[in-house]
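Q: Need coordinates for the below:
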Amino acid sequence: MSKQFSALGVSAPILKALGELSIVEPTEIQQKTIPLLLAEKHDVVGLAKTGTGKTAAFGLPLLQLIDTESPVVQAVILVPTRELGHQIFRNLEDFSKHIPNISIAATCGGIPIKPQIERLTQPTHIIVATPGRLIDLIQRKAVDLKETQYLVLDEADEMVSILKESLDEIVAELPKKHRTLLFSATLPGTIKQLIQNYLNKNVVQISASMETTGNQGIDHQYIVVDPIEKLDVLMHFLNSRDGERGIIFCKTKAAVNKLAKNLAINRFSSGALHGSLSQGIRDRIMEQFREGHINILIATDLAARGIDVKEISYVVNYHLPDTYENYVHRSGRTARAGANGLSLTVLQEEEVIEIPDFERELGIKFAKFEKPSALSLEENNTLLWAKQIFKTKPNHDISADLKTKVKTVFHHLTKDELIEKLLANYVLQNKIDVVEKPVKKFKK
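A: Predicted coordinates for the structure are as follows:
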């Protein structure tokens, strides 16, 4: 039986908030980290896969260690994206709802800086920030970190390049005696270098295994397709998971936009998320996804950071990720909080040889997802066509006279007869398209 939060030394106000959030049993990383942060003074490296509760692992002790009587910034949490920053901010607000007078601010890039400067004129104990925006605030003398005791680098492996350029400037603002808490899903060489350069040599490293609440329920599968059928296979899969929520990952913004357009044409409830979209649009899409107004999110790797949404039943890697770390972060969007989920990777034949490398490096096993038959794909496309017709809004600009003439053409048909003729016409047109398109292409 795992320890309860009370046994880890968590205070009564925080326990009350956790109870209201139905968070009862700590995950492995939380069990190992919380007592250490509360009782010791060491720098800490926490290594655990995404979805294992790292935010609570560092957030609960920080909230407890804050002196609310002192109106200074006592902790800074650095994150790679605004989405993740606001997710952590919301979590900390939830955890601290019964702690009187605690003040937390989110100061991330992508939105106007003036309201953030104004917010920081008020007493603030914890700041959640992206590195670039924090440096901007430091340069404008809008934030004072001279008494900050804790620096948290969350999802450090996702912001290595940013930290290389900015960490010196941020650390220079902190007192010499401060604790650095670095959390990451993976530990590549670049992160080891950061640890060596910025953390105390007596740093304590904590690791939580893959078999944690957030990841043990992931079913890793791959499917092999020809490039020409890739979209049809995806549509077939999405139709089979109708009503469920999922995320589709693409390598580039252009691929996200192209796929989002195809899903929209086929009337899937979806939204696109990538770095070139304005922050307002990104926020709106994320809110729609969180609230269940859209079921499918198409995203690039970085844009999807901070998506901590329950009941994501599947993740699709529409393109094989460039790194093992990206696969960990992608697949970790599903099977959160003890649920089960599927991580499906779409491959071309020449990419299959990479699967054993992913298995060996990440300590996971992939199963092969059976590709639907050509007949099944054709039937699925026919269903999508029918849904397009069903979801098409009536055009009220068409004249009443023309509508009457069209009704006259069909008036003697029953509903079943009309459907039979529509289906026959659809099949005929598709067969014509298959023959005609290559001919047209050849003539060019």
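
Q: wait, isn't Thr52 in contact with Ala208?
A: Yes - between Thr52 and Ala208 a contact is recorded at 5.8 Å, counting by Cβ atoms under 8 Å. Backbone N, C-alpha and C define where each C-beta goes, glycine included.

Q: so what sits against both of these two?
A: The contact sets of Thr52 and Ala208 overlap at 27-29 (Cβ atoms under 8 Å, 6 or more residues apart in numbering).

Q: need those in JSON lines with secondary structure and neighbour count, can you?
A: Below are the shared contacts of Thr52 and Ala208 laid out as JSON lines (DSSP: H, G, I helix; E, B strand; the rest coil; neighbours: other Cβ atoms under 10 Å):
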{"residue": "Thr27", "secondary structure": "coil", "neighbour count": "24"}
{"residue": "Glu28", "secondary structure": "helix", "neighbour count": "20"}
{"residue": "Ile29", "secondary structure": "helix", "neighbour count": "26"}
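
Q: Can you tell me which of those residues is closest to Leu422?
A: In terms of Cβ to Cβ, no member of the shared contacts of Thr52 and Ala208 lies closer to Leu422 than Thr27, at 53.1 Å.

Q: From Arg133, how far off is that closest one?
A: 30 Å (Cβ to Cβ, to the nearest Å).

Q: what does Tyr324 give?
A: For Tyr324 relative to Arg133 (Cβ to Cβ), the value is 29 Å.

Q: List the contacts of Glu147.
A: Glu147 sits in contact with 70, 72-74, 175, where contact means Cβ under 8 Å, 6+ apart.

Q: So which of those residues is the closest to Pro61?
A: Among those, and counting by Cβ to Cβ, the member closest to Pro61 is Gln74, at 12.4 Å.

Q: So that closest one sits against Leu63, correct?
A: No - between Gln74 and Leu63 there is no contact under Cβ under 8 Å: 10.6 Å.

Q: out of the two, which sits in the more crowded spot?
A: Leu63 (24 against 21; other Cβ atoms under 10 Å).

Q: Could you find the closest non-adjacent residue to the more buried one?
A: Ser96 (4.9 Å; Cβ to Cβ, 6 or more residues apart in numbering).

Q: For the one you found, which residues are in contact?
A: Contacts of Ser96 (Cβ under 8 Å, 6+ apart): 13-14, 17, 63, 102, 104.

Q: and those, which of them are in helices?
A: Using DSSP state H, the subset of the contacts of Ser96 located in helices is 13-14, 17, 63.

Q: Select from those the one having the most neighbours.
A: Leu63 (24 neighbours).

Q: Tyr324 and Arg133 - which one has more neighbours?
A: Arg133 (20 against 14).

Q: Can you tell me which of the shared contacts of Thr52 and Ala208 lies closest to Gly341?
A: Thr27 (16.3 Å).

Q: distance of the residue nearest to that closest one when sequence neighbours are not counted from Gln31?
A: Of all residues not flanking Thr27 in the chain, Gly53 sits nearest, at 4.1 Å (Cβ to Cβ, 6+ apart). Per Cβ to Cβ, Gly53 is found 10 Å from Gln31.

Q: neighbour count winner among those two?
A: Ranked by neighbour count (other Cβ under 10 Å), Gly53 and Gln31 place Gly53 first, with 24 against 20.

Q: now that one: how far from Glu20?
A: 17 Å.

Q: Repeat that for Leu383.
A: 44 Å.

Q: Have a look at the two and say which one is more surrounded.
A: Neighbours per residue, other Cβ under 10 Å: of Leu383 and Glu20, the larger number sits with Leu383, 14 against 11.

Q: I figured that one was touching Ser240, is that so?
A: No - between Leu383 and Ser240 there is no contact under Cβ under 8 Å: 10.8 Å.
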